[in-house]
Structures are given as C-alpha cells and as structure tokens.
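S.K.: Below are the sequence and a predicted model; questions follow.
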Amino acid sequence: MSGVRRLAATVNGPAAECRVGRAKRNPPRWAWFHDVRGGFRCALPTLQRKLTALRGTQTREHRSPGSLAIAIVALAAVLSGADARAADPFMPEHPWHVTGYLGQHVDTRFVHVIALKDVQFTDSYIGGAGLGRVFGTSFEGGAHWEVEGSFYRHWGSQEHWEANAALVLRWQRFPWEDYVYTGAAIGHGISFATERPILERPDQRVIYHLLVELEAGLPGARWSVVGRIHHRSGVFGLWGGEGGSNFLVLGLRHRF
C-alpha cells in the first residue's frame, strides 16, 4: 500500500480511498513531494475535524492524546511510504533520529530566554523522548525538513503528560563543520496536555508549540547532544489568550 493510501486509511478508516495520483509529467526528483501533498489533500479535512473536536472538549478532566497521536502516525505513514532518498540525492543516510530529553521550567519571557537574560528556574521539570524523520532537503543538503513527535512527563509544580507534533527546519552548514557538526533548528506545531497546566496563562490543554534547538557532535557521528527551548503559548492571543510556558531542555540524540 502506498504512503498516500496508508495516510487515508490511518486517518479516515480502513475503507477510505485516496484517488490523488502522481502525474507522470513530474520529474522523479519531486516525486516524494507529490506523494506527501496528495496524502494531505485526502486526509486534511478529517484531521481538521479531529483537532476542532479536541479543542472543543478541553474542559474534560481526562482525555488521552489519541487525536494527536493519529496525526503523528498518519504523517509518518506518508513519509515512510515513498523512497525519499532515491528522489532526493541529498537525503541523509540515516534519516530517523530518537532523542531523550530532560528539562526545567523557567519563569521568563521567551525573548529573554533566547538572550539568556534574567532566566529564573522554578520547581517544575519535564522528561521525555522524541522521534523525528527527515523528509526533504534544500540548499543541496544544507537544510533538512523534518517532522517530529515527542512525549513528556511533567513533575514538580505540575503533574501531567504532554504530546507534541512539529514541522522542523534544520540548518547544518557552518564554517567549522569539518571539526564539529552543528545544527540549528526551529519547529512549529501543536501541543496537547492531559491536564490544564497550572503554570500557564491561559491554562489550555491544546495550544501552539514552538521549539528552538542547537545540536552538536563529531562530524559523521550518529550520536549528538542537543539544547532546546521548549515553548507553549497562545501566540499573543491568537490561540485562546496570551501567555504560555518555557522550558530549557538538554538531550542526547541518536540517528538511524
């Protein structure tokens, strides 16, 4: 079954069909792009309905992150269905990565965290793991387009689980790349908490997710260390109100 059909079956059910095909006139280099685009055209309406229903039921005390997990699995099904490396000669040999994270909450505005100005740590912590995959490249491999799903456990001042899905752009061309591998990434997506986070205003369960990350390792090595700002917010009132939360996170990553 193709990645497009797997996406439709995962999101809409086993009986769903996707009739969006790849045009023969498209160059093979962009074949993976048309597979992904076709899959989203088939599944996007259902994904939108699921996310709308999820936002409408935020007042429930207990709800599993099933809808967000479905979105992550559906996207992974599309990406694994196409031979992306054959279509893009700059795809990495090891496109998948798994990362373990550990971080602490900072009662500081996001812009001040970026500048490491007036950073104030609080008694709230997170630990978890993330799974990501490169699905495309730009600038002859200098930039990687990735998708990442992550799960965290909160403890300390707040006790709950959190799930996230993000689209990530990673730049990895630096003058010192022959000596130290360096990656700088930014990701945008959606975050779901199993309970209303007491450290956030607004204390919404489904909210916007932003990540800013630096990665470093030996050239050609499959292990690396990462530092990340893990951010949840209402995007200046666009998503339910102003406010949010920030965590400074360290991680260990393995590519495969």
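M.R.: Thanks, I have it. Numbers count the residues shown, from 1 in each chain.
S.K.: quick one: the strands in this structure?
M.R.: Here the chain has its strands, by DSSP state E, at 96-106, 121-138, 143-156, 160-171, 181-193, 206-217, 223-233, 244-255.
S.K.: In CSV: the ones you listed, plus distance to A115 and mean neighbour count.
M.R.: Every residue, glycine included, has its C-beta placed from N, CA and C. Below are these laid out as CSV (distance: least, C-beta to C-beta, whole Å; neighbours: other C-beta atoms under 10 Å):
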stretch, distance to A115, mean neighbour count
strand 96-106, 12, 18
strand 121-138, 16, 18
strand 143-156, 25, 19
strand 160-171, 20, 19
strand 181-193, 16, 20
strand 206-217, 12, 19
strand 223-233, 11, 19
strand 244-255, 12, 20
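S.K.: Present these as a markdown table; the columns should include distance to H112.
M.R.: Below are those laid out as a markdown table (distance: least, C-beta to C-beta, whole Å):
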| stretch | distance to H112 |
| --- | --- |
| strand 96-106 | 9 |
| strand 121-138 | 13 |
| strand 143-156 | 21 |
| strand 160-171 | 22 |
| strand 181-193 | 18 |
| strand 206-217 | 13 |
| strand 223-233 | 11 |
| strand 244-255 | 9 |
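S.K.: Can you convert those into JSON lines and add a column each for mean pLDDT?
M.R.: Below are those laid out as JSON lines (pLDDT from 0 to 100):
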{"stretch": "strand 96-106", "mean pLDDT": "97"}
{"stretch": "strand 121-138", "mean pLDDT": "96"}
{"stretch": "strand 143-156", "mean pLDDT": "97"}
{"stretch": "strand 160-171", "mean pLDDT": "97"}
{"stretch": "strand 181-193", "mean pLDDT": "96"}
{"stretch": "strand 206-217", "mean pLDDT": "95"}
{"stretch": "strand 223-233", "mean pLDDT": "96"}
{"stretch": "strand 244-255", "mean pLDDT": "96"}
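S.K.: Of all these, which one comes closest to F90?
M.R.: Among the strands of the chain, strand 121-138 comes nearest to F90, with 4.4 Å by C-beta to C-beta.
S.K.: Of the strands of the chain, which is nearest A87?
M.R.: Between the strands of the chain, strand 121-138 lies closest to A87; by C-beta to C-beta that is 9.0 Å.
S.K.: In the sheet, which strands lie alongside the closest one, parallel or antiparallel?
M.R.: strand 96-106 (antiparallel), strand 143-156 (antiparallel) (DSSP bridges).
S.K.: out of these, nearest to Y179?
M.R.: When these are compared for distance to Y179 using C-beta to C-beta, the nearest one is strand 143-156, at 20.3 Å.
S.K.: quick one on the thing from earlier: could I get the strands paired with strand 121-138 as TSV with distance to R133?
M.R.: Shown next, in TSV, are the strands paired with strand 121-138 (distance: least, C-beta to C-beta, whole Å):
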stretch	distance to R133
strand 96-106	5
strand 143-156	6
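S.K.: For E177, give me its contacts.
M.R.: E177 makes contacts with P219, as judged by C-beta atoms under 8 Å, 6 or more residues apart in numbering.
S.K.: Use 56 as the first number for this chain going forward.
M.R.: Noted, 56 is the first residue going forward, which turns the last one into E232.
S.K.: And the pLDDT for it?
M.R.: With respect to pLDDT, E232 scores 94.
S.K.: A276 now?
M.R.: Note on A276: pLDDT of 96.
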